[in-house]
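**Student:** Sequence first, predicted coordinates after that:
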Amino acid sequence: MTRTDAKNSALVLFSGGQDSATCLAWALDRYDIVETLGFDYGQRHRVELECRDGFRTAIARAFPEWGKRLGDDHMIDLSVLGSISDTAMTREIEIETAATGLPNTFVPGRNLMFMTIAAAIAYRRGLNVLVGGMCETDFSGYPDCRDDTMKALQVALNLGMDSRFVLETPLMWLDKADTWRLARQLGGEELVELVRVETHTCYVGERAELQPWGFGCGECPACKLRKRGYEAYLAGENVTEAPV
Ligand code: ZN
């Protein structure tokens, strides 16, 4: 692999879920070269990773101008994250709120690690913008999704790599209904349909039956949030309460 050194280029953290798929469309709409990055950390919803190729292929086919901009995909094995954390994301345990007030789906350090590795890859590839689907308003309360964390990380990464990366988080202040709206704004109903059918959000990895809002168990916090967001989107409303 060679460096591109393109000025208007981005690396998108792309898990195969609704949020990162919308971020990918957002980036394809803006940057000349867009590469994608995924992590395998032993997540229970590994089926999400299997959606990545399907979504990349589908979006490139449906939007040929974006297809020309879509570059390499990078998959990184981060199984170390599963081995150092004990959470409902990586273990077969019930999803609940821990004594810290955070749900036990919180994987400490995950997004910090993701962005640090993204910066290292972007450095090597000559890409200047890092795009992530972190969001403060999705009720999870994950501290590593906060705007301040991302801003501090941008400073730390640029100091530590003597670089000028820009960290973009287009979903930071959107709720899940707004995220569907953003997809429609970027690529119309065709993109909404791609996100609905080709992405995966369910924490427990259920993908047997297509619901109106996409695939999933319908019961886990991620499914409830996605369902509530989609219904609010259809109704032209916003999501105003937590799903649990
Ligand atoms: Zn689910």
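**Tutor:** All right, it came through fine.
**Student:** Could you use CA atoms for every contact and neighbour count after this?
**Tutor:** Noted.
**Student:** what residues does stretch 131-151 touch?
**Tutor:** Stretch 131-151 has contacts (C-alpha atoms under 8 Å, 6 or more residues apart in numbering) with 10-14, 19-20, 23, 27, 102-103, 106, 109-112, 167-176, 225, 242-243.
**Student:** among those residues, which are in strands?
**Tutor:** Within the contacts of stretch 131-151, residues falling in strands by DSSP state E are 10, 11, 12, 13, 167, 168.
**Student:** The first one: what's it in contact with?
**Tutor:** It stands for residue 10. 27, 31, 33, 34, 35, 122, 127, 128, 129, 130, 131.
**Student:** Run the contact check for stretch 185-202 versus the ion.
**Tutor:** Yes: counting by C-alpha under 5 Å from the ion, the ion has neighbours in stretch 185-202: residue 202.
**Student:** Run through who's touching the lowest-mean-pLDDT helix or strand in the chain.
**Tutor:** Every helix and strand in the chain was compared by mean pLDDT, DSSP states H and E; the lowest is helix 79-84, with a mean of 79. The contact list for helix 79-84 (C-alpha under 8 Å, 6+ apart) reads 40, 41, 42, 43, 90, 110.
**Student:** Select only the buried ones of those in ChimeraX?
**Tutor:** Restricted to buried positions by 16 or more other C-alpha atoms under 10 Å, the ChimeraX selection for the contacts of helix 79-84 reads:
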select :40,41,42,43,90,110
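**Student:** Specify which member of the contacts of helix 79-84 is nearest to residue 56.
**Tutor:** residue 40 (17.2 Å; C-alpha to C-alpha).
**Student:** Quick check, that closest one in contact with residue 50.
**Tutor:** No: in this structure, residue 40 is not within contact of residue 50 by C-alpha atoms under 8 Å, at 10.7 Å.
**Student:** Show me where the protein has its helices.
**Tutor:** 18-28, 47-62, 64-69, 79-84, 110-125, 147-161, 176-198, 221-235 (DSSP state H).
**Student:** tell me which residues in the last one are buried?
**Tutor:** Neighbour-count burial for helix 221-235, counted by 16+ other C-alpha under 10 Å, picks out 221-233.
**Student:** helices or strands up against it?
**Tutor:** Here helix 221-235 touches helix 176-198, going by 3 or more C-alpha pairs under 8 Å, 6 or more residues apart in numbering; DSSP states H and E.
**Student:** I would like the residues contacting the helix it packs on, please.
**Tutor:** Contact with helix 176-198 is made by 18-19, 21-22, 25-26, 29, 51, 54-55, 58-59, 62, 138, 171, 210, 213-215, 225-226, 228-233, 237-239, as judged by C-alpha under 8 Å, 6+ apart.
**Student:** which among those end up buried?
**Tutor:** Buried residues within the contacts of helix 176-198, counting neighbours by 16+ other C-alpha under 10 Å: 18-19, 21-22, 25-26, 51, 55, 58-59, 138, 171, 213-215, 225-226, 228-233, 238-239.
**Student:** quick revisit: if any of the contacts of stretch 131-151 are buried, put those into a PyMOL selection.
**Tutor:** In PyMOL, this line selects whichever of these come out buried by 16+ other C-alpha under 10 Å:
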select buried, resi 10+11+12+13+14+19+20+23+27+103+106+110+111+167+168+169+170+171+172+173+174+175+176+225+243
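**Student:** List the contacts of residue 67.
**Tutor:** 59, 60, 61.
**Student:** rerun at 10 Å
**Tutor:** 28, 33, 34, 56, 57, 58, 59, 60, 61 (C-alpha atoms under 10 Å, 6 or more residues apart in numbering).
**Student:** Next one, pLDDT for the third one please.
**Tutor:** Looking back up the chat, that one is residue 34. Reading off the confidence values, residue 34 has pLDDT 98.
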